[in-house]
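Visitor: coordinates for the following, if possible.
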Amino acid sequence: MSLTKVNLLNHFNNGNIDINFGHSLAFSFSDESKIFDDSTATANMVVLNSNEEPSFANFDFNIHQFTGTPQFSVQKVVLSVGVVLTGRLIFNEGRTDEQTVNWDTGRTTYNTNNINLSITDFTPVENLFSLKITFDTFRAGTNSTAIDNNDVRLFELAIFIRESTSYQSKRYEFNDSVLTTKAWNSSRYDGRQLKGSKINRFTKGDSTYGLTPVISNYTRNIYIGSRVIGLRDAQEGVESNSDDVTLTPFPGFSYITVDEYITVNSDDSITRRSVRGGRGDGDDLTARKGFYTAWYEDFPVGKGARIKTLDKKLNQNLAPFYPVYNNSGQLQKMLLVTQTDPVPSDTVSIPQEIDHDSGSFYAASYNTSSFIFDYCSGSGNPNGEDDIGAEFSIFNYLLLSQKFFTGSLIASPSADGLSSTLTLG
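Guide: Presented below is the predicted three-dimensional model:
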């Protein structure tokens, strides 16, 4: 893994590095930020007024990469100096993990030019709180004026890090025994696949962990019903014994009216939604689409539903499970056509003639040219022998003619409230 250079200049500008020097800095070379600017030019150095005396530069760090939970370790220090010959790096001076490494420029004579030192012969430092650079030995110049310039020149300091091995060991754990398992050595071992025959249930023959269902599909919705409508058989003398006579009767079945539901969201918050009323547009339309999407998924035809009452004092005889036969809403009655037996005009003629004006039933005649059903009651049938005997009732004229069959069925009511003419488009 390659090393990463720490952006010391950015940390210094953000106040995360404090520097102390063993001597004062020369007035023209006192900009401490120049130590981290990646430049070794003479104009970009700092100069300590040490005058041939040993000195130091101490750096205190408040950098998360250095002092936080061990994630990175210091692996290399690059130092660029002039004039000084030898010195030391002291990591974390005064701490239990203090470490010292010597450095040597290899020079034996006085030299003001910079020399770059790449220092790596130390134990990687997991937590770097401070770094002290000492400037220990010098060599005087060949004349007196050179001695006056015998001051420490510090051109550059760079620190390189790498993700620490201790942090890696905490992130990854590998059991060597896994290497001998079939799952590791073969992608086609017997236990590589899970197999189940039902959703949310474990059945005999499933390949899974313990008794855990292979596939789980649970709803987050709780639906709140407001009404149960029974569709009972009609009794003699009573048109319908259902709780709602506008609905198409299916003896032995019931409708459940639901227009509110509670959703348990992924963050465990609760949302209550209602589709009661509304105009079916805008936010209301969005709510209805969301409701029906969840409703069809949670109660598919052929599956089952469980009903629980909120009032524990309510007398009830609920079954533990009810099959779903229809999930698209309530089926309202719109048009009822009842066939009646034809009335003969006499009992002698063979074949017998039919009395179309008997008045004993509603007559319906179909005109193939105009696509019209004509209905009349004992007042004469305009289409004569094409007549078919029937009684009919329209239970919801507005829904039938204006909404359900808009543009394809035109009906006009007669004085008694029944339709006299139906045009099929």
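
Visitor: let me see the contact set for the closest residue to residue 28 other than its chain neighbours.
Guide: Nearest residue to residue 28, sequence neighbours excluded (Cβ to Cβ, 6 or more residues apart in numbering): residue 47, at 7.9 Å. Placement of C-beta: from N, CA and C, glycine included. Residues in contact with residue 47 (Cβ atoms under 8 Å, 6 or more residues apart in numbering) are 25-26, 28-30, 151-154.

Visitor: got it, and residue 212?
Guide: Listed by Cβ under 8 Å, 6+ apart, the contact partners of residue 212 are residue 202.

Visitor: tell me the secondary structure at it.
Guide: Assigned state for residue 212: coil (three-state reduction, DSSP: H, G, I helix; E, B strand; the rest coil).

Visitor: the residue nearest to residue 28 in helix, strand or coil?
Guide: strand.

Visitor: state the distance from it to residue 116.
Guide: As judged by Cβ to Cβ, to the nearest Å, residue 47 and residue 116 stand 18 Å apart.

Visitor: before we move on, what about residue 270?
Guide: 65 Å.

Visitor: the two: which has the busier surroundings?
Guide: residue 116 (13 against 9; other Cβ atoms under 10 Å).

Visitor: any idea which element the more buried one lies in?
Guide: Here residue 116, judged by DSSP states H and E, is contained in strand 115-119.

Visitor: quick one: contacts of that strand?
Guide: 40, 76-82, 89, 101, 103, 105-107, 156.

Visitor: note down every partner strand of it and its orientation.
Guide: If you go by DSSP bridges, strand 115-119 pairs up with strand 72-82 (antiparallel).

Visitor: just the buried members of the contacts of strand 115-119?
Guide: By neighbour count, with 16 or more other Cβ atoms under 10 Å, those hold 40, 76-77, 79-82, 89, 103, 105, 107, 156 as buried.

Visitor: which of the residues you listed lies closest to residue 288?
Guide: residue 76 (66.1 Å; Cβ to Cβ).

Visitor: now residue 196: how far from residue 321?
Guide: 21 Å.

Visitor: who has more neighbours out of those two?
Guide: Per other Cβ under 10 Å, whichever of residue 196 and residue 321 has more neighbours is residue 196, with 18 against 9.

Visitor: gap between that one and residue 137?
Guide: 79 Å.

Visitor: with residue 64 instead?
Guide: Plainly put, residue 64 is 36 Å away from residue 137 if you go by Cβ to Cβ.

Visitor: and residue 222, by the same measure?
Guide: For residue 222, the distance to residue 137 - Cβ to Cβ - is 82 Å.

Visitor: for the protein, what's the longest helix?
Guide: helix 282-298 (DSSP state H).

Visitor: now that helix: buried residues?
Guide: Residues of helix 282-298 classed as buried by neighbour count (16+ other Cβ under 10 Å): 288, 291, 294-295, 298.

Visitor: pLDDT-wise, what's the bottom of those residues?
Guide: Least confident of the buried residues of helix 282-298 in the model: residue 288, at 76.

Visitor: thought it was touching residue 274?
Guide: No: look at residue 288 against residue 274 with Cβ atoms under 8 Å: they stay out of range, at 10.3 Å.

Visitor: let me see the domain layout of the chain.
Guide: Annotated domains of the chain cover 4-167, 180-218, 221-323, 335-424 [automatic domain parsing].

Visitor: hey, least reliable of those domains by pLDDT?
Guide: For the domains of the chain, the weakest mean pLDDT is recorded on domain 335-424, namely a mean of 50.

Visitor: list the contacts of stretch 313-332.
Guide: Applying Cβ under 8 Å, 6+ apart, the set of residues contacting stretch 313-332 from outside is 229, 246-248, 253, 255, 257, 295-296, 299-309, 395-396, 399.

Visitor: and for stretch 80-87?
Guide: 40, 45, 102-105, 107-108, 110-117, 133-139, 149-157.

Visitor: show me the helices in the stretch 151-300 of the chain, by range?
Guide: 165-171, 182-185, 282-298 (DSSP state H, counting those that start in this stretch).

Visitor: and the next helix or strand past the last one?
Guide: Same thing as helix 282-298. In N-to-C order, the element after helix 282-298 by DSSP H and E is strand 304-305.

Visitor: having no further points to raise, I will conclude here.
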